[in-house]
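Visitor: after the sequence you'll find the predicted model.
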Amino acid sequence: MKLDDPRSILITGASSGIGAALARAYAAPGKRLILGGRNAERLASVATDCEAIGAIVETRVLDVTDRAAMQAWIEGAFATGPVELVIANAGISGGTGGAPASESQAQVERIFAINIAGVVNTVFPAIAEMQKLPREAGRLRGQVALMSSLAGFRGLPGAPAYGASKACVRSLGEGLRGRTARHGIAVNVICPGFVKSPMTDINPYPMPFLMSAEKAARIIMRKLARNRARICFPWRLWALVWLFSILPVGLTDPLAARMPEKPTAES
Ligand SMILES: NC(=O)c1ccc[n+]([C@@H]2O[C@H](COP(=O)([O-])OP(=O)(O)OC[C@H]3O[C@@H](n4cnc5c(N)ncnc54)[C@H](OP(=O)(O)O)[C@@H]3O)[C@@H](O)[C@H]2O)c1
């Protein structure tokens, strides 16, 4: 595959926000897009946009927490032809806004099920299928991208489970990358800051350096083409987050405690 021109791309959570913007950005005449999401209507609308550009689109309404359905979907996609790029993007958020001492255990479990197990259900069947592809000298078998977040670099009192899920995904992706590279499979971790989408539309606080989903998709595409290990953006927020993450936790706790809390409602 050519990193700067993947011909077949599978995206989870393609019915909305960043996933939908990525689908539209990758759409081009003759490209194969395999798009998953839960909301059939919104998924169909994204597919229509991509088809209008000339892409060949396959959609599947499914839940990333359904391990068997995910495995069957991904194996089926590879049975038609190699999938060059897989983006494990689907996710939900939720925080402590309006909650008593902590977010509920049910919310934590739901976030972990979708943001962690859902990513596992995407990434591992994809790597297993890529491994079966013939290895050509100097060429990659495939590329897998995991959607993390800048929220995954330091525990945040306003969204502990969300941040933990994104830290887990980042660590998983970075670990995998070092092992799969020698098998011709590139793994990348995407860590966006605030991106305008239904997930952030519910946040009742100012979001520094908020950017459109379209701009985020362009940045992600460009950096996936360069096989960047960590795709962290926008750089000004990334610089602040990095500083925040390397300072002693005890020192930054008072500031972290004053940060706004993500609403508890799932988004
Ligand atoms: N927006 C940000 O500022 C930001 C920043 C950093 C990271 N991220 C991450 O980027 C990813 C996309 O977020 P977004 O902002 O684009 O949010 P979004 O607009 O709410 O989109 C989330 C997508 O994930 C899908 N999804 C959620 N739960 C699912 C499930 N159980 N099974 C299958 N699909 C499911 C949704 O599908 P349906 O709508 O069909 O249910 C939707 O397509 C998430 O992983 C998020 O954590 C976002």
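Guide: Yes, it's here. Numbering: from 1, shown residues only.

Visitor: could you pull out the helices in the stretch 151-267 of the chain for me?
Guide: 160-180, 198-201, 213-225, 235-246, 249-258 (DSSP state H, counting those that start in this stretch).

Visitor: let me know which of these is the nearest to residue 144.
Guide: Minimum separation from residue 144 across the helices of the stretch 151-267 of the chain (CB to CB) falls at helix 160-180, 7.7 Å. All C-beta atoms are positioned from the backbone trio N, CA, C, and that covers glycine.

Visitor: quick one: buried residues of the closest one?
Guide: Neighbour-count burial for helix 160-180 flags 160-170, 172-174, 176-177, 180 (criterion: 16 or more other CB atoms under 10 Å).

Visitor: so which of the helices of the stretch 151-267 of the chain is nearest the ligand?
Guide: Among the helices of the stretch 151-267 of the chain, helix 198-201 comes nearest to the ligand, with 3.5 Å by CB to the nearest ligand atom.

Visitor: tell me what the closest one is packed against?
Guide: Packing partners of helix 198-201 (3 or more CB pairs under 8 Å, 6 or more residues apart in numbering; DSSP states H and E): none among the helices and strands.

Visitor: anything in that helix near the ligand?
Guide: Yes: legend: contact between helix 198-201 and the ligand by CB under 6 Å from any ligand atom is shown at 198-200.

Visitor: contacts for that helix, please.
Guide: Helix 198-201 is contacted from outside by 16-17, 91-93, 194, 207, 210, 267, using CB atoms under 8 Å, 6 or more residues apart in numbering.

Visitor: could you list the residues of the protein in contact with the ligand?
Guide: So far as CB under 6 Å from any ligand atom goes, the chain lies against the ligand at 12-13, 15-19, 37-39, 42, 63-65, 89-93, 114, 118, 147, 149, 192, 194-195, 197-200, 267.

Visitor: could you redo the last one with a cut-off of 5 Å?
Guide: Counting by CB under 5 Å from any ligand atom, the chain comes close to the ligand at 13, 15-19, 37-39, 63-64, 90-91, 114, 147, 149, 192, 194-195, 197-200.

Visitor: surely residue 221 and residue 22 touch.
Guide: Yes: with contact defined as CB atoms under 8 Å, residue 221 and residue 22 form a contacting pair (7.3 Å).

Visitor: which of those two has more residues huddled nearby?
Guide: residue 22 (31 against 18; other CB atoms under 10 Å).

Visitor: OK, contacts around that one?
Guide: Contacts of residue 22 by CB under 8 Å, 6+ apart are 11, 14, 87, 89, 217, 220-221.

Visitor: try residue 172
Guide: Each residue near residue 172 by CB under 8 Å, 6+ apart is listed here: 119-120, 123, 146.

Visitor: and the residues of helix 198-201 next to the ligand, which is closest to residue 133?
Guide: Checking the residues of helix 198-201 next to the ligand one by one against residue 133 (CB to CB), the nearest turns out to be residue 199, at 33.7 Å.

Visitor: thinking again about what came up before, for the ligand, state which of the contacts of residue 172 is nearest.
Guide: The closest of these, once distances to the ligand are taken by CB to the nearest ligand atom, is residue 119, at 8.3 Å.

Visitor: spatially central residue in the protein, please.
Guide: Nearest to the geometric centre of the chain sits residue 147, at 2.3 Å (CA atoms, centre = their mean).

Visitor: just checking, that residue touches residue 86?
Guide: No: the pair residue 147 and residue 86 does not pass the contact test of CB under 8 Å, sitting 11.3 Å apart.

Visitor: verify the stated contact: residue 62 with residue 69.
Guide: Yes: counting by CB under 8 Å, residue 62 sits close enough to residue 69 to count as a contact (4.9 Å).

Visitor: fine, thanks again, bye for now.
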